[in-house]
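Asks: Structure for this input, please:
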Amino acid sequence: MKKICVVTATRAEYGLLANLMKLIHQDNTYQLQIIVTGMHLSSEFGETYKQIEMDGFHIDEKVEMLLSSDTVVGVVKSTGLATIGFADALQRLNPDLIIILGDRYEMLAVAQTALIMQIPIAHIHGGECTFGAYDDAIRHSITKMATWHFTSTASHRNRVIQLGEHPSRVWDVGAIGIENILHVRLIEKKDLYTQLGLDFDKPMFLITHHPETNGDPQVIHEVLKALEKYLEVQLVFTKSNADNGGRYINEQIEQFIAYKSNAYLFDSLGQMRYLSAVKYAEVVIGNSSSALIEVPYLQTPSVNIGNRQAGRERPNSVFDAKANAGEIEVAINNALQYTERFEWIFGDGYTSTAILEILKSIEEFKVRKEFYDL
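Replies: Numbering: from 1, shown residues only. Here you go, the predicted structure:
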């Protein structure tokens, strides 16, 4: 049996990969290996590796890497620790293929380790652009270290080819998170509100704001200033991630909710509660990629703040706002009045099945490749 190793570092990433992991595990052609790292192992971020185990998966390796710091130096040192940890873990597991999703610095550590150890990489969600974060450069770097590529749109596929990857190794399979929306039964509103301690009769905004790693975490003050005016709305925050500036953002949110009876902060909602909360929210606010990709499939408008997602494709139900309270408030009010048809531009929700079928068609997993000139 060929050994396929899936690496996950965050709650959001695992939520996207879970169905693909399940399909690989159920297929008698492959042996699934799982490495967890990053925020999954941190009590500060909810120790979300426990959710992976609760879902019935066996975790083969845990790679500790996070320092108690949200500075750029802390992130760089965490990346170094991750590289050391992945070298040992991959030597023990010796997988035939590694699957990496996205663009985070944890995945950069995985990719460079696998490249040097000559372990082939399949990369999901390459070819996208997010100019407001150094993730943009990391994503393209992983593309050059990977051999096979699964993109979310045709234009993203073209961009991966533009980076010198042969068209025969690049497939447009849609966004992997869409299948979680179209093929799972979400929690009923009353049950969800009971779990979260919310008032069933009051409207709710769902807010997830991450650092702009090429920007200033002080932006969160403008976000909170805009939200202060919505006194009759329940404000449900999920914590920022472990990028540089993330802890600062979480601290500011914690101070905000301490004086607000209508505001709540959760370390992690988990996949089912998050998607259910999206469905019942009046609007999703912040700068997470899910607001542009998955949220429209649940018929909920979203407000995208600042430059973190600049350059990424988006449907017409996403309202962009610069990072100041006035523009954010205008965008929220416009989103609340949105009545047009929701565009679905990231596929039909069968991405994991398509990826598995393509992997099974590959006779030999290999690292070697040549630059493809247009």
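Asks: hang on, residue 89 packs against residue 61?
Replies: Yes. Residue 89 lies in contact with residue 61 (Cβ atoms under 8 Å); the separation is 4.0 Å. (C-beta placed from N, C-alpha, C; glycine too.)
Asks: Settle it for me: which of the two has more neighbours?
Replies: Each of residue 89 and residue 61 has its neighbours counted (other Cβ atoms under 10 Å); residue 89 has more, 22 against 18.
Asks: secondary structure element for that one?
Replies: helix 72-93 (DSSP states H and E).
Asks: ok, now residue 235?
Replies: Applying DSSP H and E, one finds residue 235 within strand 234-238.
Asks: Give the other helices and strands that that strand contacts.
Replies: strand 204-208, helix 246-257, strand 263-266 (3 or more Cβ pairs under 8 Å, 6 or more residues apart in numbering; DSSP states H and E).
Asks: tell me the angle of the second one relative to helix 72-93?
Replies: So the one you mean is helix 246-257. Orientation check (axes from the mean of the first three to the mean of the last three Cα atoms, to 10 degrees): helix 246-257 against helix 72-93 gives 120 degrees.
Asks: What segments of the stretch 1-150 of the chain are strands?
Replies: Listed in chain order, the strands of the stretch 1-150 of the chain (DSSP state E, counting those that start in this stretch) span 2-8, 30-37, 61-63, 97-101, 121-124, 148-151.
Asks: residues making contact with the fourth one?
Replies: Just to be clear, that refers to strand 97-101. By Cβ atoms under 8 Å, 6 or more residues apart in numbering, the surrounding residues in contact with strand 97-101 are 2-8, 13, 16-17, 20, 90, 107, 110-111, 114, 119-125, 142, 146, 176, 359, 365.
Asks: Separate out the buried members of those.
Replies: 3-8, 13, 16-17, 20, 90, 107, 110-111, 114, 119-125, 142, 146, 176, 359, 365 (16 or more other Cβ atoms under 10 Å).
Asks: After whichever strand or helix holds residue 274, heading C-terminal, what element do we hit next?
Replies: Secondary structure from DSSP H and E places residue 274 in helix 270-280. On the C-terminal side of helix 270-280, the closest following helix or strand by DSSP H and E is strand 283-286.
Asks: Please state the offset of that following strand from the chain centre?
Replies: Chain-centre distance of strand 283-286: 15 Å, with Cα atoms, centre = their mean, to the nearest Å.
Asks: counting contacts, what elements does it pack onto?
Replies: Using 3+ Cβ pairs under 8 Å, 6+ apart, strand 283-286 sits against strand 204-208, helix 219-227, helix 290-293, strand 302-305, helix 325-336.
Asks: ok, residues contacting the second one?
Replies: What that stands for is helix 219-227. So helix 219-227 is in contact with 205, 207, 209, 212, 235, 248-249, 252-253, 256, 263, 285-286, 305-306, 323-326, 328-329, 332, going by Cβ under 8 Å, 6+ apart.
Asks: ok, of the residues you listed, which come out buried?
Replies: If we count by 16+ other Cβ under 10 Å, these have these buried: 205, 207, 209, 212, 235, 248-249, 252-253, 256, 263, 285-286, 305-306, 323, 325, 328-329, 332.
Asks: Next one, pLDDT for the closest residue to residue 134 other than its chain neighbours please.
Replies: Distances taken as Cβ to Cβ, 6 or more residues apart in numbering put residue 213 closest to residue 134, at 4.9 Å, once the chain neighbours are dropped. Here the pLDDT value assigned to residue 213 is 76.
Asks: Wait, residue 213 touches residue 242, no?
Replies: No. At 11.2 Å, residue 213 does not count as touching residue 242 under the criterion of Cβ under 8 Å.
Asks: ok so, going back, format the strands of the stretch 1-150 of the chain as CSV; extra columns: distance to residue 310.
Replies: Formatted as CSV, these follow (distance: least, Cβ to Cβ, whole Å):
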stretch, distance to residue 310
strand 2-8, 26
strand 30-37, 28
strand 61-63, 31
strand 97-101, 21
strand 121-124, 21
strand 148-151, 19
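Asks: mind putting those in JSON lines, distance to residue 171 and mean pLDDT included?
Replies: Putting the strands of the stretch 1-150 of the chain into JSON lines (distance: least, Cβ to Cβ, whole Å; pLDDT from 0 to 100) gives the following:
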{"stretch": "strand 2-8", "distance to residue 171": "17", "mean pLDDT": "98"}
{"stretch": "strand 30-37", "distance to residue 171": "18", "mean pLDDT": "97"}
{"stretch": "strand 61-63", "distance to residue 171": "28", "mean pLDDT": "97"}
{"stretch": "strand 97-101", "distance to residue 171": "14", "mean pLDDT": "98"}
{"stretch": "strand 121-124", "distance to residue 171": "10", "mean pLDDT": "98"}
{"stretch": "strand 148-151", "distance to residue 171": "6", "mean pLDDT": "98"}
